[in-house]
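1. Whatever this is, show me its structure:
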Amino acid sequence: MKKLFDSRKYYYFWLPVLGWAIIIFLFSSYQTPTASEIRWQDFIVKKTFHLIEYAIFTTLSYRALKESGVEKKKAGMYSVIITLLYGATDEFHQTFTAGRDGKIRDVIIDTAGGLIAIYGIWKLLPKAPRKLKSWAKKLQII
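-> This next block holds a predicted model:
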């Protein structure tokens with residue numbers, strides 16, 4: 001009976017990580033439309049999206065690692081490493097997609113999103129308003 005519970009817990013925490021990785025992969029598989037007339041705004045929007053999507057990926061990875069029994073600090077470190085590696089493989093994947101190319105700059109931005117997420121979980125959430133902390137606890141982030 002315990003093994004069944006453990007496998008359900010495993011799926012409950014790791015399937016969202018896998019699902020989000022698939023979403024990132026699918027976004028990376030689309031050919032990029034032509035850049036807008038205001039190129040710097042287009043750049044800012046895309047890079048902000050990179051930060052956000054990888055911050056979510058890191059948060060989901062952190063939650064899964066922590067709930068799998070990994071100590072919080074190690075879970076934070078491992079989730080950022082997972083984000084770095086997944087970001088690198090995603091950029092490599094983009095080299096095979098028409099109209100796209102892989103950039104080290106994007107891996108750095110992806111990793112920065114992960115670092116920001118962990119900083120937020122460790123430093124900002126504990127000081128957040130009670131409602132936000134309650135929400136994070138329900139989602140088992142903290």
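2. from the middle of its chain, how far away would the helix or strand Ile24 falls within be?
-> In this assignment (DSSP states H and E), Ile24 forms part of helix 2-29. Chain-centre distance of helix 2-29: 12 Å, with CA atoms, centre = their mean, to the nearest Å.
3. likewise stretch 99-110?
-> Centroid separation between stretch 99-110 and its chain, computed with CA atoms, centre = their mean, is 15 Å.
4. repeat for stretch 51-63
-> 2 Å.
5. Send me that stretch as PDB with only the CA atoms.
-> Provided in PDB are the C-alpha atoms of stretch 51-63 (Å, rounded to 0.1, in the frame of the first residue of the first chain):
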ATOM      1  CA  LEU A  51      12.600  34.300 -17.500                       C
ATOM      2  CA  ILE A  52       9.100  33.500 -16.500                       C
ATOM      3  CA  GLU A  53       8.800  30.100 -18.200                       C
ATOM      4  CA  TYR A  54      12.000  28.900 -16.700                       C
ATOM      5  CA  ALA A  55      11.200  30.400 -13.300                       C
ATOM      6  CA  ILE A  56       8.000  28.300 -13.400                       C
ATOM      7  CA  PHE A  57      10.100  25.300 -14.500                       C
ATOM      8  CA  THR A  58      12.500  25.800 -11.600                       C
ATOM      9  CA  THR A  59       9.700  26.200  -9.100                       C
ATOM     10  CA  LEU A  60       8.100  23.000 -10.300                       C
ATOM     11  CA  SER A  61      11.400  21.100 -10.200                       C
ATOM     12  CA  TYR A  62      12.200  22.500  -6.700                       C
ATOM     13  CA  ARG A  63       8.800  21.400  -5.400                       C
END
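6. quick one: low-confidence parts of this structure?
-> Residue ranges of the chain with pLDDT under 70: 1-5, 32-38.
7. ok, 90 please
-> 1-10, 28-43, 45-46, 97-101, 142 (pLDDT under 90).
8. re the thing from before, other SSEs contacting the helix holding Ile24?
-> helix 39-67, helix 72-94 (3 or more CB pairs under 8 Å, 6 or more residues apart in numbering; DSSP states H and E). Placement of C-beta: from N, CA and C, glycine included.
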